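Engineer: What would the 3D arrangement of this be:
(one chain, ligands or ions: 1)
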Amino acid sequence: MSVKRFVIIGNGPAANHAAEALREKSSESKITMFSKDPFRSYRAHLLPDFIAGLIEEEDLYNRPYAHYNEMDITLRLGQRVVNVDFSKRNVILDHKEVVPFDGLIIATGGKPRIPELFQLFGDIMMTLKTPSDARLWIQKLSYVDSVLIIGGDLTSLSLTKALLKLGKRVKFILNEDAFWPVPLNEEIYRAVTGRLEQRGIEIVHCRRIRRITQLEENLLEVETDSELIEVGALGAFFGLVPDVGFLARTGLDIDRGVLVNEFLKTRFSNVYAAGDCAQVYHPVLRDYWISIGHENAIALGRIAASNLAGSHLEVQVEPENILEVGGVKVNTSWWTEF
Ligand SMILES: Cc1cc2nc3c(=O)[nH]c(=O)nc-3n(C[C@H](O)[C@H](O)[C@H](O)COP(=O)(O)OP(=O)(O)OC[C@H]3O[C@@H](n4cnc5c(N)ncnc54)[C@H](O)[C@@H]3O)c2cc1C
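Structural biologist: I've put the predicted structure just below:
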């Protein structure tokens, strides 16, 4: 039998656990992972600690290069997959290289969401997903004393802790995406804003932002319907959305993420999706759910790999753990507090 060629798109927790599970189950196969990021697999939840100066950048990375050699996994960093041809069964990289596969796992995770309303200001608004984003924050914070956070998802709360540690002034404009992926309700809103205010964070109560103007390199003016705010930096925290845009014209079923059945299989044979990029069918709810969360990524990565290697494992999720948040079914039980 010829050696199977498995390709994994991604180098986050879903991709790494998928690669390791594949290697356990298929010692002879050729496994190649692609990541558009130039850095090794990192612990995203530690990015705020890195910004606060509590840890070194090296502490973010959780798998040494030697690990991939030991597992006989080819890791190709800084290589973006721009297309997948499912009829010819190959992935296409941005430098036009074509890489064939017998089995594929898509584990491209999520990317920071900037709502349409704010997309014009995308260049001014800072986000936090990768070590490069964290380096940008560190650089910016060496010049500015105040930060306005708009949106206010869970990651922004841990960034806020880091900002306070650095002695920065923090203002918040919360919107309906606050605390994503936890659904926002009155009770949570009051509890969290109360706690933020106790820590000296100013909540800007407004219904809309009218204007954002960059006055100087490190000075922004934000006009809301209730007040005019001057800040040094602006953080946009509206949760993460599946990073699957490059797959839109491949024939894969895509809604918010890559649609997969309860076995994480797409409509193409031997093609699976796992982690934050997947939208998973629930046979009881007869609908698809997504989640953003570390444990989710690991569990789904392992299930996808096992099934690609011949198992028939079903994702087990209690229907009561799936909630509707902003019109999207979300499994919030996967979010692990680190
Ligand atoms: C600041 C921060 C704090 C967090 N804190 C927590 C927490 O406390 N608890 C928790 O449960 N979760 C937390 N999360 C969320 C958690 O990190 C994610 O849910 C998890 O990383 C998802 O894993 P994943 O493997 O699905 O995707 P990701 O970790 O997003 O990895 C995606 C990978 O795909 C690659 N990729 C994407 N597109 C392409 C392409 N076209 N070609 C090649 N490669 C591509 C990327 O380079 C990356 O390697 C946090 C996230 C952030 C950003």
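Engineer: Any idea how many residues pack against residue 23?
Structural biologist: Look at residue 23: counted by other CB atoms under 10 Å, it has 18 neighbours. No exception for glycine: its C-beta is placed from N, CA and C like everyone else's.
Engineer: what about it, is that helix, strand or coil?
Structural biologist: Three-state assignment for residue 23 (DSSP: H, G, I helix; E, B strand; the rest coil): helix.
Engineer: what residues are up against it?
Structural biologist: Taking CB atoms under 8 Å, 6 or more residues apart in numbering, we find residue 23 in contact with 29, 31, 71-73.
Engineer: who wins for most neighbours among those residues?
Structural biologist: residue 31 leads the contacts of residue 23 on contacts (other CB under 10 Å) with 24 neighbours.
Engineer: what bridges to that one?
Structural biologist: Beta-bridge pairing for residue 31 (DSSP bridges): residue 6, residue 73.
Engineer: Assess the claim that it and residue 20 are in contact.
Structural biologist: No: using CB atoms under 8 Å as the test, residue 31 is too far from residue 20 to be in contact (9.4 Å).
Engineer: Could you pull out the residues contacting both of those two?
Structural biologist: Joint contacts of residue 31 and residue 20 (CB under 8 Å, 6+ apart) are residue 71.
Engineer: now the helices: where do they sit in the stretch 201-338 of the chain?
Structural biologist: For the stretch 201-338 of the chain, applying DSSP state H, counting those that start in this stretch gives helices covering 294-308.
Engineer: where does it have low pLDDT?
Structural biologist: Residues of the stretch 201-338 of the chain meeting the criterion pLDDT under 70: 334-338.
Engineer: try 90
Structural biologist: Applying pLDDT under 90 to the stretch 201-338 of the chain flags residues 205-210, 238-241, 291-293, 318, 320-338.
Engineer: do the stretch 51-200 of the chain as well
Structural biologist: 113-123, 151-158, 174-196, 199.
Engineer: In contact with the residue of it found nearest the ligand, which residues are there?
Structural biologist: The nearest approach of the stretch 51-200 of the chain to the ligand comes at residue 109, 2.1 Å away (CB to the nearest ligand atom). Going by CB under 8 Å, 6+ apart, residue 109 touches 10, 12, 14, 240, 242-243, 275-277, 297.
Engineer: what's the closest of these to residue 128?
Structural biologist: residue 240 (10.2 Å; CB to CB).
Engineer: How many neighbouring residues does the closest one have?
Structural biologist: 22.
Engineer: Identify the bridge partners of it.
Structural biologist: For residue 240, the beta-bridge partners are residue 112 (DSSP bridges).
Engineer: I'd say it and residue 111 touch.
Structural biologist: Yes: with contact defined as CB under 8 Å, residue 240 and residue 111 form a contacting pair (6.3 Å).
Engineer: Need the overlap of contacts for those two.
Structural biologist: residue 129.
Engineer: interface residues of the stretch 51-200 of the chain facing the ligand?
Structural biologist: 80-81, 107-110, 128-129, 155 (CB under 6 Å from any ligand atom).
Engineer: wait, what's in contact with residue 99?
Structural biologist: Contacts of residue 99 by CB under 8 Å, 6+ apart are 7, 32, 34, 90-93.
Engineer: what kind of secondary structure is it in?
Structural biologist: Residue 99 ends up strand, using three-state DSSP.
Engineer: what's the distance between it and residue 68?
Structural biologist: As judged by CB to CB, to the nearest Å, residue 99 and residue 68 stand 17 Å apart.
Engineer: Alright, calling it a day.
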